[in-house]
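Enquirer: what's the 3D shape of this:
(chains A and B)
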Amino acid sequence: MTMTGVDEDPDGDPDLFGVRPYAMTDGRTQPSTHLDLMSLVRATGGGMVAPEKLGVEHAQALRLCQSPMSVAEVAAHLRRPVTVAKVLLADLIELGVVIARFPPSESYSDDPSVLRAVIDGLRRIV
Amino acid sequence: MASDGSYEPFPIQIKILIAGGFGVGKTTFVGSVSEIKPLTTEETLTAASVGTDSVYGVENKTTTTVAMDFGRISITEKNLVLYLFGTPGQDRFWFMWDELSRGALGAVVLADTRRLQDCFGAVEFFERRDIKFIVALNDFEGGHWYSDDEVRQALALKQHVPLVRCDARDKRSAGEVLIALLESVLATSIVATRT
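Expert: Got it, this is the predicted structure:
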């Protein structure tokens, strides 16, 4: 598994945001699974690893996707560059604790029923 | 789509881009309508990932960091989630727009009458990619008032592109802009299915 090094130092600096972002990815800048900004990730509730075995950042990312969340949002909540979030999430996907759904390539721009549903929804909100 | 019953199903995702020049009010706009505080994240890109055509064979990769902000509007009863992505305003980040615009339903080009030229690039980008868009004039105090015709002319807007006015700080006003965009996309889709 490629996750060694993530929690080798449990007594390390609690100031997470002082850590260089790519330290938590072991310097990796390429996620093992392709993820898009809009890809939705969600915890499976299962998988091959106990959550307490994960590093701090992986555990944080896993917690964020208890309900479906976009990769962009995970990155923002982690306050990390998107690439870092992608690497972390791809690790979790490999472990089987998270699944992803790619954004559909269609944009629904020619689906009147979806468009009407969005318009009605917006009217109620604004 | 995965559906294992015990979990919330993945919602239908709609992506709308909020574009326009630097400082035109994109973040404000996103913040007004978003149900969450606008989130900001950064994308670190290397030139090699940016458009393989233009940098093919370049040995020295350059790295650049782009800040983007986005918001979310959930329409839970329909299991829909609308994502608003504010596009980076500076021209040098054009390459980011390709990933951002993939699968986008449409775009709002925010414009400021004091600096109309700042949104030329966005208008041109969406025209060229055939992405539906609407131009929303963010009414800044102290801005000179121009008629719709004057603005259309200045931006060389095609007749079918809606032009609206808004106050990006106001939730209702910003929401109306989104509704106007969706209605224009809907009108086009109905025409398309009839022909």
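Enquirer: ranges for the strands of chain A?
Expert: With strands called from DSSP state E, chain A shows them at A:40-43, A:69-70, A:98-101.
Enquirer: I misspoke; the intended subject was chain B.
Expert: Using DSSP E, the strands found in chain B span residues B:12-20, B:39-46, B:63-75, B:80-86, B:106-111, B:133-138, B:163-166.
Enquirer: Adding distance to chain A, mean neighbour count and mean pLDDT as columns, could you present those in a markdown table?
Expert: Bear in mind the C-beta positions are built from the backbone N, C-alpha and C, glycine included. A markdown table is the format used below for the strands of chain B (distance: least, Cβ to the nearest Cβ, whole Å; neighbours: other Cβ atoms under 10 Å in any protein chain shown; pLDDT from 0 to 100):
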| stretch | distance to chain A | mean neighbour count | mean pLDDT |
| --- | --- | --- | --- |
| strand B:12-20 | 6 | 26 | 92 |
| strand B:39-46 | 3 | 19 | 68 |
| strand B:63-75 | 3 | 19 | 78 |
| strand B:80-86 | 6 | 24 | 92 |
| strand B:106-111 | 7 | 27 | 96 |
| strand B:133-138 | 12 | 25 | 96 |
| strand B:163-166 | 12 | 18 | 96 |
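Enquirer: Reformat the strands of chain A as CSV; add distance to chain B, mean pLDDT and mean neighbour count.
Expert: What follows is the strands of chain A, written out as CSV (distance: least, Cβ to the nearest Cβ, whole Å; pLDDT from 0 to 100; neighbours: other Cβ atoms under 10 Å in any protein chain shown):
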stretch, distance to chain B, mean pLDDT, mean neighbour count
strand A:40-43, 5, 93, 22
strand A:69-70, 7, 91, 22
strand A:98-101, 5, 92, 20
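Enquirer: Distance to residue B:27 for the ones you listed - can I get that in a markdown table?
Expert: Below are the strands of chain A laid out as a markdown table (distance: least, Cβ to Cβ, whole Å):
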| stretch | distance to residue B:27 |
| --- | --- |
| strand A:40-43 | 24 |
| strand A:69-70 | 18 |
| strand A:98-101 | 28 |
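Enquirer: Work out the gap between stretch A:95-104 and the centre of the chain.
Expert: Chain-centre distance of stretch A:95-104: 9 Å, with Cα atoms, centre = their mean, to the nearest Å.
Enquirer: Alpha carbons of it, in PDB - could you do that?
Expert: Output of stretch A:95-104 as PDB, limited to C-alpha atoms (Å, rounded to 0.1, in the frame of the first residue of the first chain):
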ATOM      1  CA  LEU A  95      -8.600   0.900  -0.100                       C
ATOM      2  CA  GLY A  96     -12.300   0.300  -0.900                       C
ATOM      3  CA  VAL A  97     -13.500   2.800   1.700                       C
ATOM      4  CA  VAL A  98     -14.700   5.400  -0.800                       C
ATOM      5  CA  ILE A  99     -16.400   5.100  -4.200                       C
ATOM      6  CA  ALA A 100     -16.500   7.800  -6.800                       C
ATOM      7  CA  ARG A 101     -18.900   8.600  -9.500                       C
ATOM      8  CA  PHE A 102     -17.700  10.600 -12.500                       C
ATOM      9  CA  PRO A 103     -19.700  13.600 -13.500                       C
ATOM     10  CA  PRO A 104     -21.800  12.600 -16.500                       C
END
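Enquirer: which residues touch residue B:179?
Expert: If you count contacts by Cβ atoms under 8 Å, 6 or more residues apart in numbering or on different chains, residue B:179 has them with A:119, A:122-123, A:126.
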